[in-house]
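Engineer: For reference, the sequence and a predicted model appear below.
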Amino acid sequence: MASEQHPLWAEIQQGEGKALERQRLLQSYDEQIAWETELNSLDLAPLQQAFAQRGKPLDLARMKSLKLIREEQGKDHPTHGLMILLGLYEQVEIKCSRFKGTSMAVFLDKKEYQGDLFSQLAQTEAFIKNHLHLKAEILGLQRTESYEIPIPAIREALINAVVHRDYSNAGRDIKVGIYDDVLNIVSPGGLPHGLTLNEVLKGRSEIRNKVIARVFKELGYIEQWGSGMSRIHELCQEADNPAPAFSESGDFIDIEFHRTEVVESGVMGGSVGGAIGGEVVVQSELTERQQAVLQLIIENPRKSHREIAEALNINASAVQKHLDKLKEAGAIERIGGTRGYWKVKV
């Protein structure tokens, strides 16, 4: 008796069949006409605005050359590429989550972004920034702040996911997960045309979405073909961050950034800000132990290292470590020497 085929496997086979047919026609999915949509029913403003911001016109001729529009039997039609860029398909979505700890068991924050691809990228970047730590560094007399993972590397990874993911199947989207230890970006669609991950990391490129890739290159989101993953690696290296991990699992591509400011168990939420001229100069999260040290100083700004150590039953070197963290965060400042006191700035 013949076994019944699993519906998911049937869907995968159907998708593979369509992909082979597009390959035979030398067309990508996004170059094909979206027959069910009338061109004059579309609001092109988001795309026109994106081009205008780069000082580039977007007239009918340009849209045709980019294959956003194709003419068939004397009539202009939108392509899937135009529909995707405008965010008009259900699968054109980025789901962002901040999880508690290192598993997906508990959500701390969750957002789902639809709309045109450009606004999705901007909203996703803002979500990520909101859940990463800032680290401060003193360069000469200037205090500089940067995110624990370089934002240009994250931006490159998001663009890479948006440009190269598989849009041909509904019900699949890009997922961004932020954990205590990693930032994870997963996009649907394995590597195209038998390309291996090792080849991609060496700079070889096969473009799955030709229309979207052309538009993103035209707008300056892509510098050169095949540079995305190596660029991500270089940006992390320049920031002295751990190398990101790239992997292909099933029909998904996964990029994992390691967080350099790993959240310790029992983190206290909330912002700690020191003010200069009314401006918040740093944002951070403190552990329970650092909160306890801060509370002791608030109660008695002249408390010595030894007194803090005795009160918390920890050694002097641990006290110094926590004080350094509080100073770095802009929460306290030492006024005077051994006979001085702590100025609390929060």
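Structural biologist: Ah, there it is.

Engineer: Could you use CA atoms for every contact and neighbour count after this?
Structural biologist: OK.

Engineer: what about the stretch 51-200 of the chain, any weak spots by pLDDT?
Structural biologist: Across the stretch 51-200 of the chain, residues meeting the criterion (pLDDT under 70) sit at 137-143.

Engineer: what do you get if the cut-off is 90, keeping everything else the same?
Structural biologist: For the stretch 51-200 of the chain, residues meeting the criterion pLDDT under 90 lie at 133-146, 169-171, 189-200.

Engineer: Strands of that one, start to end?
Structural biologist: Secondary structure of the stretch 51-200 of the chain by DSSP state E, counting those that start in this stretch: the strands cover 69-72, 75-78, 94-99, 107-113, 134-139, 142-147, 174-178, 182-188.

Engineer: Could you list the buried residues of stretch 328-343?
Structural biologist: Buried residues in stretch 328-343, defined by neighbour count with 16 or more other CA atoms under 10 Å: 328-333, 341-342.

Engineer: picking up where we left off before, wait, which of the strands of the stretch 51-200 of the chain is closest to residue 34?
Structural biologist: With CA to CA as the criterion, residue 34 lies closest to strand 75-78 of those, at 5.8 Å.

Engineer: From the chain's centroid, how far away is the closest one?
Structural biologist: Relative to the chain's own centre, strand 75-78 is displaced by 34 Å; criterion: CA atoms, centre = their mean, to the nearest Å.

Engineer: And stretch 337-346, by the same measure?
Structural biologist: Computed by CA atoms, centre = their mean, the chain-centroid distance of stretch 337-346 equals 39 Å.

Engineer: Could you shift the numbering so residue one becomes 26, and keep it that way?
Structural biologist: That works, and once the first residue is 26, the last one we named lands at stretch 362-371.

Engineer: Could I get the average pLDDT for it?
Structural biologist: Average pLDDT, stretch 362-371: 76.

Engineer: Can you give me the domain boundaries for the chain?
Structural biologist: 32-110, 119-283, 311-369 (automatic domain parsing).

Engineer: coming back round to it: got the strands of the stretch 76-225 of the chain as JSON lines, with distance to residue 314 and mean neighbour count columns?
Structural biologist: Compiled in JSON lines, the strands of the stretch 76-225 of the chain are given as follows (distance: least, CA to CA, whole Å; neighbours: other CA atoms under 10 Å):
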{"stretch": "strand 94-97", "distance to residue 314": "60", "mean neighbour count": "16"}
{"stretch": "strand 100-103", "distance to residue 314": "59", "mean neighbour count": "18"}
{"stretch": "strand 119-124", "distance to residue 314": "23", "mean neighbour count": "21"}
{"stretch": "strand 132-138", "distance to residue 314": "22", "mean neighbour count": "14"}
{"stretch": "strand 159-164", "distance to residue 314": "19", "mean neighbour count": "14"}
{"stretch": "strand 167-172", "distance to residue 314": "23", "mean neighbour count": "13"}
{"stretch": "strand 199-203", "distance to residue 314": "24", "mean neighbour count": "22"}
{"stretch": "strand 207-213", "distance to residue 314": "23", "mean neighbour count": "22"}
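
Engineer: Compare these and give me the one nearest residue 220.
Structural biologist: Taking CA to CA, strand 207-213 is the member of the strands of the stretch 76-225 of the chain nearest to residue 220, at 15.4 Å.
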